[in-house]
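Enquirer: Build the 3D model from these lines:
(one chain, ligands or ions: 1)
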Amino acid sequence: MKFEHFFMDYISNICCISDNLLLDYKEMVPILGRTLFSLHVNKIDDLDGMVGLQNLGNTCFMNSILQCLNKSPLLLNYIISDHYKLDIAKPGAARFEGNFLRAFSEVMKKLWTSRMEVTPAVFRNSIKKLNSIYQGFGQEDAHEFYNHLINGLHEELDTTKKSGPKGINQASWYDFCKGDTKITDIFAMQMKHNYECLECYSKSTEYHTSFDMSLPMKKAFRTINMEDIIEDFIESTSNNMCKKCSKLTLHNCKKEFVHLPEVLVLYFQRAEKLGKLKTEMQYPVENLNFTKYAIKGNPKLATYTLYAICLHAGDCATSGHYWAECRHPKTSEWNKYNDTRVSSILKGTTATGSRECVFFYQRK
Ligand SMILES: [Zn+2]
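Expert: Now for the predicted structure:
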């Protein structure tokens, strides 16, 4: 047998990564010699995952979020092992007939199998169908894109077509949706907001479920601590409608987590009317403790380790430039992913910066 035939046979036997992922000869050469029949995070090599993504015209918002999601072991194990295919095959699933998930899976796999930069052209086309705002070539908001992407993945898998992770007074939303999709299992969180009117002292509650936690950022001329911003958000005051007073009154709002996610996505709102807040923030890389924010009686520890950040330079979210910093799931070393450029960086147990906007923490 000629080597080329043997090679192609070998490839078709071992490379059942995906029916829709036919890597061409050139792309296969750098990965020859590695067993690919079951792509799994445990089988990732130290040198894998060190490739960037081509910018297809202001697509750094997309590239940075893709790199952050690509370094999540829980999501990767589900996507690159093809386990998701069983779920999109279920009756009622696959809003986009599975095409969106397959396009996402293709990029995720290529970022672990290629030794050259990846062109996310198929995925770029698929996000145009996800939301019309991605049909143009403008710079988009990376945090908003994260939400569209994660909701899109959820909808591809959702067989129940429930109203989704929004809504008020849905105390049992998480129990209701638990196990619906792998996306809710990994990313969904639920918070209980306990309101108290500061005029009549009447109390009310609301439940909020989401795939991330959005935190208001304050202007400060000193370095502020991420945990202080979280504390300020957990217990805050705001003007709300009071049913008893029949008017807008000042309310105290204490928040607690009914359900804490496996991957905690924190978004810091740096954008404001007069430009972007460039306040320096110190944040934990190891040991972000959320146990104290869990609803009383929940004995589970909730400590998180940072594994990816989406950063932004520029004056507003829809201009400027985005890039990512990610921890390699195997070596634990940090790399900067700036479109096609990948470089090694150092991070201690805490870090400081003014450009970080979306943080991805993995529960320990
Ligand atoms: Zn009142």
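
Enquirer: Contact residues of this protein facing the ion?
Expert: 197, 199-200, 242, 244-245, 249 (CB under 5 Å from the ion). C-betas here are computed from N, CA, C, even on glycine.

Enquirer: Narrow the residues you listed to those that are buried.
Expert: 197, 242, 249 (16 or more other CB atoms under 10 Å).

Enquirer: re earlier: okay, and which of the residues of the chain next to the ion map to strands?
Expert: 197, 242, 249 (DSSP state E).

Enquirer: before we move on, which element is Asn125 in?
Expert: helix 121-130 (DSSP states H and E).

Enquirer: measure Asn55 to Ser126 for me?
Expert: 17 Å (CB to CB, to the nearest Å).

Enquirer: ok, the two, which is more surrounded?
Expert: Ser126 (21 against 17; other CB atoms under 10 Å).

Enquirer: Next, the distance between the ends of stretch 254-264.
Expert: Distance between the two ends of stretch 254-264: 20 Å, counting by CA to CA, to the nearest Å.

Enquirer: got the contact list for it?
Expert: 72, 74-75, 171, 174, 185-194, 196, 207, 209, 213, 233-235, 288, 290, 293-296, 298, 300, 302, 304, 360-363 (CB atoms under 8 Å, 6 or more residues apart in numbering).

Enquirer: Filter those residues down to the ones in helices?
Expert: The members of the contacts of stretch 254-264 that map onto helices under DSSP state H are 74-75, 174, 185-187, 233-234.

Enquirer: Just give me the least confident of those.
Expert: On pLDDT alone, Tyr174 ranks lowest of the ones in helices among the contacts of stretch 254-264, at 50.

Enquirer: Go ahead and confirm Lys129 touches Phe96.
Expert: Yes: contact criterion CB atoms under 8 Å: Lys129 and Phe96 qualify, at 6.3 Å.

Enquirer: and the residue of the stretch 251-364 of the chain nearest the ion?
Expert: His251 (8.0 Å; CB to the ion).

Enquirer: can you pull the contacts of that residue?
Expert: If a contact means CB under 8 Å, 6+ apart, then His251 has 195-198, 237-240, 242 as its contacts.

Enquirer: Tell me if I am right that Leu66 is in a helix.
Expert: Yes: using DSSP: H, G, I helix; E, B strand; the rest coil, the assignment for Leu66 is a helix.

Enquirer: and it, what is it in contact with?
Expert: Contacts of Leu66 by CB under 8 Å, 6+ apart are 53, 107-108, 111, 120, 123.
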